[in-house]
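S.K.: this one's structure only:
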């Protein structure tokens, strides 16, 4: 009888092992240390009865978007959107051309637009092009842009350029009871238009740069009008602030790619009473994507966080060697 | 064979009907129009294949807290907390007594504290007593207060005074795929300390009055320090603004009790492309709870929203006649 139970147990264990291998949750990752670290962390915190077990409601995972879930160099996608909006608005209101930042945008002077601690030129453009619109009108602009605009290098719609390995991490963590949040310097209103369709992340799990809106009850119904009041920039030290304000609970897993994610990585992993995990996507693949860290063309600089990684135990993903494929919809070149 | 299938189907239907009746989801509600309206709405939007069907991710229900899920007259619970904090702080820093609003608080002059469009005196007290604390220190203060303070009339801890019929609505809606959110003028940091334990509402589904925090990496680990910067008052027209900013999706069900909820009720129910539901808890029970509308002792005035209710099709709950019991932990008098 005992032997029969032992054999059955062994058979079950073998079956489980085969099933686990057959359904690799991260098929686009090579079998390197990065993949092993992700899997080890998820298995650790979901093992009931283990001292590292974390109850599902505390399984909060935060993901930067630009550079972590899709490219940000040489130009954040939202900047490409803003430039197209500028062109459109200038056709409607030619006097806008006299604004220095609008002129810089039209001249393609991104250095000027992205200067300042929070890309002040870009914010000015947002104010000039977005403020006064209703949120519904803005949503439609973003939808239309994604349906028509094309990435100049990869020749496809921008929302087809998410990173397949990271899509798999999102799905894998959700399958293990995690709530996945975007915490990004990108505009919340911009990201919420596509986050559910593209990443399976509902709007209430998107934290981003935002300003207040203004409520009005019009004859056609209630509207919210975009303003530039009380700007909140969800970047650098703003990221833990945003996490506290919008999520209200400390994450146990954090995924970023640049120095803008350093504080959020610290907030997740330093002195956290729960087991925690930090990961940095290092852009090392100039052939399939882009190769940069200290000197990106625009945003996405990675120096301080990369230096801090070994001391903090953060996993650093080497895109070139850790990822079998890069994009969710592979370009012809891949 | 056909008859056998028909009989089996009939038997199953009868069983289902008995089960449904046996497990009344709203047992603390009398069988009046209010209960029928709640059930009819939930059944309508969850019936697959029906033109009124709403997919689960869009089933967003928002609940005011003070006066809707627990009492707010004669004094919002957070005001009681703030007064106790004032007394404690004055012991630590006697010079605070010279502040006019602190003096008003110590003298019990609530009229002065609650005057102004956003209870300006109360905000001043919050600034004087909360700003400079870390969010962790503040959480502990709130926890300690709930564990010790007692409601003067009902002689029990404040968090034992939630409305049982509304607890049942929360559970009923969640059982039907709704995400339940608190959208309240109360402080987000205050409410998030108890929302999960008391209402089963996770912190990320609590929208409230808030200010920015400031991130610091201390030798002991990362902290967020409370400030009074960029105050957002989640009341009146601020409620739809908060819903857009924190949830990013229009609710289809809204529960409130005062004119502070009027704009959120409008935003939920007027020109919503989805079927929608609005409900006002009318405080009509001076014996078991409190009876007021136009002239509450402090906050919770209900005039404009009550007037608008018939035109908008909002359900008005008559606490005295619609509720079998009031509190989740009934006082001896009930």
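M.R.: Thanks, I have the structure now. The shown structure was predicted, so the numbers you read here are calculated from the model rather than taken from an experiment.
S.K.: Going along the chain, name the strands of the stretch 101-250 of chain A.
M.R.: Counting by DSSP state E, counting those that start in this stretch, the stretch 101-250 of chain A has strands at residues A:179-187, A:206-209, A:213-218, A:221-226.
S.K.: will you turn those strands into JSON lines that also has distance to residue B:322?
M.R.: In this view, the C-beta of every residue, glycine as well, is placed from N, C-alpha and C. As requested, these are exported to JSON lines (distance: least, C-beta to C-beta, whole Å):
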{"stretch": "strand A:179-187", "distance to residue B:322": "35"}
{"stretch": "strand A:206-209", "distance to residue B:322": "38"}
{"stretch": "strand A:213-218", "distance to residue B:322": "28"}
{"stretch": "strand A:221-226", "distance to residue B:322": "28"}
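S.K.: need the residues of the stretch 51-200 of chain A near chain B, please.
M.R.: A:57, A:60, A:135, A:179, A:181, A:188-189, A:192, A:196 (C-beta under 8 Å from any C-beta of the partner chain).
S.K.: Redo the strands of the stretch 101-250 of chain A as a markdown table? Include mean pLDDT and mean neighbour count.
M.R.: Formatted as a markdown table, the strands of the stretch 101-250 of chain A follow (pLDDT from 0 to 100; neighbours: other C-beta atoms under 10 Å in any protein chain shown):
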| stretch | mean pLDDT | mean neighbour count |
| --- | --- | --- |
| strand A:179-187 | 97 | 25 |
| strand A:206-209 | 97 | 25 |
| strand A:213-218 | 98 | 17 |
| strand A:221-226 | 98 | 20 |
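S.K.: returning to that earlier point: now the residues of the stretch 51-200 of chain A next to chain B: which count as buried?
M.R.: A:60, A:135, A:179, A:181, A:188-189, A:192, A:196 (16 or more other C-beta atoms under 10 Å in any protein chain shown).
S.K.: Among those residues, which one sits closest to residue A:88?
M.R.: Residue A:88 has its nearest neighbour among these in residue A:189, at 17.2 Å by C-beta to C-beta.
S.K.: Look at residue A:274 and say how many residues are nearby.
M.R.: Neighbours of residue A:274 under the rule other C-beta atoms under 10 Å in any protein chain shown: 17.
S.K.: try the one 4 residues further on
M.R.: Burial of residue A:278 is recorded as 28 neighbouring residues (other C-beta under 10 Å).
S.K.: can you map out the helices along chain A?
M.R.: A:2-22, A:33-46, A:77-92, A:100-106, A:110-114, A:120-130, A:135-148, A:164-175, A:188-191, A:195-199, A:238-246, A:262-269, A:304-312, A:319-322 (DSSP state H).
S.K.: Now do the residue lying closest to residue A:215 once chain neighbours are set aside, the pLDDT please.
M.R.: Sequence neighbours aside, residue B:237 is the residue nearest to residue A:215 in space, at 4.2 Å (criterion: C-beta to C-beta, 6 or more residues apart in numbering or on different chains). Looking at residue B:237, its pLDDT reads 98.
S.K.: swap in residue A:315?
M.R.: pLDDT at residue A:315 comes out at 98.
S.K.: That one contacts residue A:282, correct?
M.R.: No: checked against C-beta atoms under 8 Å, the pair residue A:315 and residue A:282 is beyond contact range at 10.1 Å.
S.K.: When the two are compared, which one has more neighbours?
M.R.: Set residue A:315 next to residue A:282 and count neighbours by other C-beta under 10 Å: residue A:282 wins out with 22 against 19.
S.K.: Next up, the contacts around that one.
M.R.: Neighbouring residues of residue A:282 by C-beta atoms under 8 Å, 6 or more residues apart in numbering or on different chains: A:257, A:293, A:302, A:306, A:316-319.
S.K.: The residues you listed into a markdown table, with extra columns for neighbour count and distance to residue A:107?
M.R.: What follows is those, written out as a markdown table (neighbours: other C-beta atoms under 10 Å in any protein chain shown; distance: C-beta to C-beta, whole Å):
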| residue | neighbour count | distance to residue A:107 |
| --- | --- | --- |
| A:257 | 29 | 29 |
| A:293 | 19 | 28 |
| A:302 | 25 | 28 |
| A:306 | 19 | 33 |
| A:316 | 19 | 37 |
| A:317 | 28 | 36 |
| A:318 | 16 | 37 |
| A:319 | 21 | 32 |
